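**Student:** Provided below for reference: sequence and predicted model.
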Amino acid sequence: MLKVEKLSGGYDRQLIVKNVTFQVEKGEMLGILGPNGSGKSTLLKVISGILHKESGDVLIDGKLLTTYSSKELAKKMAVLPQLHSHAFSHTVRDTIALGRYPHQSGLFSSWSDEDEAAVVGAMKQMGIEKYEHHMLDLLSGGEQQRVFVAQALAQQAPILLLDEPTNHLDIAHQKQLLDTIKTQANENAMTIISIFHDINLASLYCDRLLLMDQGEVKVIGEPHEVVMKEKIETVYKARISTNPHPERPKPQITILPDIKERCEEKLITIENFQVTDELVVFQAEHQLKTWSSAVINAGTGWYRTFVNRRVDAFYNIDNAQTEMQQFLTNRGYSETETVGMMTAVYTKDAVIKQYDGDFGSVIIMVTAGVGNAVDVAKAYEVEALPAIGTINTWIIINGELAEEAFIQAVITATEAKTKALAYEQVKDPRTGTIATGTSTDSVLVAATQQGAYIPYAGPITEVGKKIGLGVYECTVEAIQTYKKAKGWE
Ligand SMILES: Nc1ncnc2c1ncn2[C@@H]1O[C@H](COP(=O)(O)OP(=O)(O)OP(=O)(O)O)[C@@H](O)[C@H]1O
């Protein structure tokens with residue numbers, strides 16, 4: 001559809017865009033990324049013919065751009081330039097109507113039903129019908145931006161070139177605009193080339209991305225091939241990390257600041273724990289990076305408070321999450337800083353121990369009830385009964401854990417727990433075989449992210465050895481206490 005071959009161009013004698021080659025297909029959305037001054041706007045201007053090229057070619061439907069008359073070209077390609085202040089003021093409707101000029105014919109061009117439908121449709125798509133008769137210069141920056149996008153859409157050209165279309169827009173309008181444009185690509189096979197400053201939005205919406213660096217193409221490819229730590233850091237000269245989007249396979253970035261937080265390093269110790277008849281509570285001065293399967297605030301996040309709450313053996317509530325949240329709020333625990341778990345075990349029987357090593361230290365907390373013990377390898381054979389009894393394990397580390405270390409810590413802790421059940425000869429009552437856990441166990445791994453860097457946490461590492469030993473010892477002790485309380489031995 002649109003082919004750019006070895007294109008170079010710029011201003012007067014200053015070459016800005018150098019040897020750019022790419023192709024965009026019908027229905028495809030290509031995002032152009034690059035730092036300030038890398039030549040994105042200049043490239044768009046050379047492609048659209050606003051600036052003369054120095055060398056190379058632009059082809060639309062296999063025909064050289066230079067062979068199109070300006071009106072023919074406007075029927076093929078609509079351009080949204082960067083938003084600037086405007087000398088003249090028109091109404092919103094008149095501004096959008098200007099987009100229809102390539103479709104007018106004859107000396108006294110008349111306004112057709114098609115023109116009217118295109119203008120009304122574009123206003124609707126951008127949600128600006130209510131401003132139809134307002135003067136453009138009295139609208140906010142974001143409202144004006146939507147008017148100019150509507151003008152480009154009203155042009156009904158199969159190719160759309162956009163220079164930072166989300167400029168000035170709030171998040172709801174960014175989403176509305178990009179949803180609209182993407183729908184044009186998907187349903188009307190429109191070809192879209194758009195400049196973005198927001199790498200995350202570009203990755204989320206575009207099929208492919210072109211990353212510019214000093215007027216040249218650094219890389220072109222699908223978002224996962226372009227939004228890579230090393231490439232983005234090299235071109236933008238800023239530290240970033242990449243992370244997955246929660247719903248789509250489109251990588252996202254997070255800026256990593258170089259300035260230090262204004263907080264002194266604080267070691268976690270057993271002193272951070274408090275145990276009552278109702279709760280085991282851990283509270284730290286600073287948030288810890290946390291990974292858990294808790295009832296409240298599961299998954300990854302930064303939290304300051306961990307709560308293991310004792311509920312009675314008959315606790316059976318449809319929406320345990322809402323009830324638990326209410327419970328925590330009533331006791332003054334912040335909704336955004338607290339991880340909450342439940343247990344039917346006496347909280348006073350919690351085993352809490354500290355293990356020191358060269359890397360820092362690990363503090364383990366275990367509450368263990370085994371009335372609900374399960375042999376996971378045979379769980380498929382038997383119907384799980386609604387019994388109570390859960391093993392909750394917390395592993396809190398003074399150190400900076402890598403992502404994989406969090407997962408390895410969970411593996412190591414799970415293996416140590418299973419070993420403790422075997423040592424204590426805890427059996428699945430339904431199968432009579434040694435249990436591997438209970439059917440509702442929870443785990444939490446948290447790290448201060450200060451001090452020594454800990455890339456791995458399997459049993460080959462020192463931290464892994466401490467986790468293995470600690471979880472094993474604490475779980476054995478917690479099970480023995482549980483058995484005594486139940487009068488089993
Ligand atoms: N009209 C002009 N005359 C001369 N040089 C210009 C002109 N417009 C831009 N330039 C120069 O061309 C280079 C690239 O500018 P361009 O606007 O294409 O970059 P960009 O990647 O779009 O930047 P930004 O992200 O800041 O919008 C810059 O060094 C700029 O100074």
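**Tutor:** Here it is on my side, so go on.

**Student:** how far off centre is the longest helix anywhere in the chain?
**Tutor:** Secondary structure of the chain per DSSP state H: the longest helix is helix 462-486. Relative to its chain's centre, helix 462-486 lies at 36 Å (C-alpha atoms, centre = their mean, to the nearest Å).

**Student:** mind listing what's buried along that helix?
**Tutor:** 462-482 (16 or more other C-beta atoms under 10 Å). Every residue, glycine included, has its C-beta placed from N, CA and C.

**Student:** K53 bridge partners, please.
**Tutor:** G9 (DSSP bridges).

**Student:** then the one 10 residues further on?
**Tutor:** When bridges are assigned using DSSP bridges, the partners listed for K63 are I60.

**Student:** what confidence value was assigned to it?
**Tutor:** As predicted, K63 sits at a pLDDT of 94.

**Student:** contacts for stretch 47-60?
**Tutor:** Around stretch 47-60, the neighbours that count as contacts under C-beta atoms under 8 Å, 6 or more residues apart in numbering are 1-11, 15, 19-21, 42, 45-46, 64-66, 68, 73, 76-77, 79, 159, 161, 193.

**Student:** so who does G399 touch?
**Tutor:** Per C-beta under 8 Å, 6+ apart, neighbours of G399: F359, G360, A447, T448, Q449, Q450, G451, A452, Y453, I454, V463.

**Student:** apart from its neighbours in sequence, what residue is nearest it?
**Tutor:** Among residues not flanking G399 along the chain, G360 sits closest, at 4.1 Å (C-beta to C-beta, 6 or more residues apart in numbering).

**Student:** where in the stretch 301-450 of the chain is pLDDT low?
**Tutor:** 384-388 (pLDDT under 70).

**Student:** the helices in it, which residues?
**Tutor:** For the stretch 301-450 of the chain, the helices defined by DSSP state H, counting those that start in this stretch occupy 320-330, 403-423.

**Student:** may I see the buried residues of the shortest one?
**Tutor:** So the one you mean is helix 320-330. Within helix 320-330, judged by 16+ other C-beta under 10 Å, the buried ones are M324, Q325, F327, L328.

**Student:** do stretch 230-249 as well
**Tutor:** K231, I232, V235, Y236, I240, T242.

**Student:** up against the ligand, what does the stretch 1-150 of the chain have?
**Tutor:** Among all residues of the stretch 1-150 of the chain, those adjacent to the ligand (criterion: C-beta under 6 Å from any ligand atom) are Y11, Q14, I16, G34, N36, G37, S38, G39, K40, S41, T42.

**Student:** contacts only, for the fourth one.
**Tutor:** Which is G34. Counted by C-beta under 8 Å, 6+ apart, G34 has contacts K40, L211, M212, D213, K218, V235.

**Student:** of these, buried ones?
**Tutor:** Among the contacts of G34, those classed as buried by 16+ other C-beta under 10 Å are K40, L211, M212, D213, K218, V235.

**Student:** in helices, which of these fall?
**Tutor:** Residues of these located in helices (DSSP H): K40, V235.

**Student:** let's have the buried ones among the contacts of G34 in CSV, adding pLDDT.
**Tutor:** Output for these, formatted as CSV (pLDDT from 0 to 100):
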residue, pLDDT
K40, 97
L211, 98
M212, 98
D213, 98
K218, 97
V235, 98
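
**Student:** with distance to T418 added, can I get the buried ones among the contacts of G34 in CSV?
**Tutor:** Output for the buried ones among the contacts of G34, formatted as CSV (distance: C-beta to C-beta, whole Å):
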residue, distance to T418
K40, 56
L211, 47
M212, 53
D213, 52
K218, 49
V235, 48
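
**Student:** quick one: the nearest residue to I364 once chain neighbours are set aside from the ligand, how far?
**Tutor:** Spatial nearest neighbour of I364, excluding adjacent residues (C-beta to C-beta, 6+ apart): G470 at 4.0 Å. Distance from G470 to the ligand, counting by C-beta to the nearest ligand atom, to the nearest Å: 52 Å.

**Student:** what of V4?
**Tutor:** Distance from V4 to the ligand, by C-beta to the nearest ligand atom: 15 Å.

**Student:** what's the pLDDT at that residue?
**Tutor:** 97.

**Student:** still on that earlier bit, nearest to the ligand, out of the helices of the stretch 301-450 of the chain?
**Tutor:** Across those, the ligand has its closest neighbour in helix 403-423 (32.0 Å, C-beta to the nearest ligand atom).

**Student:** still on that earlier bit, of all the contacts of G34, which comes closest to the ligand?
**Tutor:** Using C-beta to the nearest ligand atom, those come closest to the ligand at K40, 3.5 Å.

**Student:** can you tell which of the helices of the stretch 301-450 of the chain is closest to K289?
**Tutor:** helix 403-423 (7.9 Å; C-beta to C-beta).

**Student:** for the closest one, buried residues please.
**Tutor:** 405-410, 412-421.

**Student:** how far is that helix from where the chain is centred?
**Tutor:** Counting by C-alpha atoms, centre = their mean, helix 403-423 comes out at 28 Å from the chain centroid.

**Student:** now the helices: where do they sit in the stretch 151-300 of the chain?
**Tutor:** 171-188, 199-205, 223-226, 229-236.

**Student:** can I get the ones you listed in JSON lines with distance to A350?
**Tutor:** Shown next, in JSON lines, are those (distance: least, C-beta to C-beta, whole Å):
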{"stretch": "helix 171-188", "distance to A350": "43"}
{"stretch": "helix 199-205", "distance to A350": "42"}
{"stretch": "helix 223-226", "distance to A350": "44"}
{"stretch": "helix 229-236", "distance to A350": "41"}
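
**Student:** centre-most residue in the chain?
**Tutor:** H245 (3.7 Å; C-alpha atoms, centre = their mean).

**Student:** need the contact partners of stretch 4-22.
**Tutor:** Stretch 4-22 is contacted from outside by 23, 30, 39, 42-43, 45-47, 51-59, 210, 215-217, 220, using C-beta under 8 Å, 6+ apart.

**Student:** for stretch 170-184, same thing?
**Tutor:** Against stretch 170-184 from outside (C-beta under 8 Å, 6+ apart): 29, 125-127, 142, 146, 149, 153, 160, 162, 165-166, 169, 190, 192, 194, 198, 201, 204-205.

**Student:** end-to-end on stretch 127-146?
**Tutor:** The first and final residues of stretch 127-146 sit 8 Å from each other (C-alpha to C-alpha, to the nearest Å).
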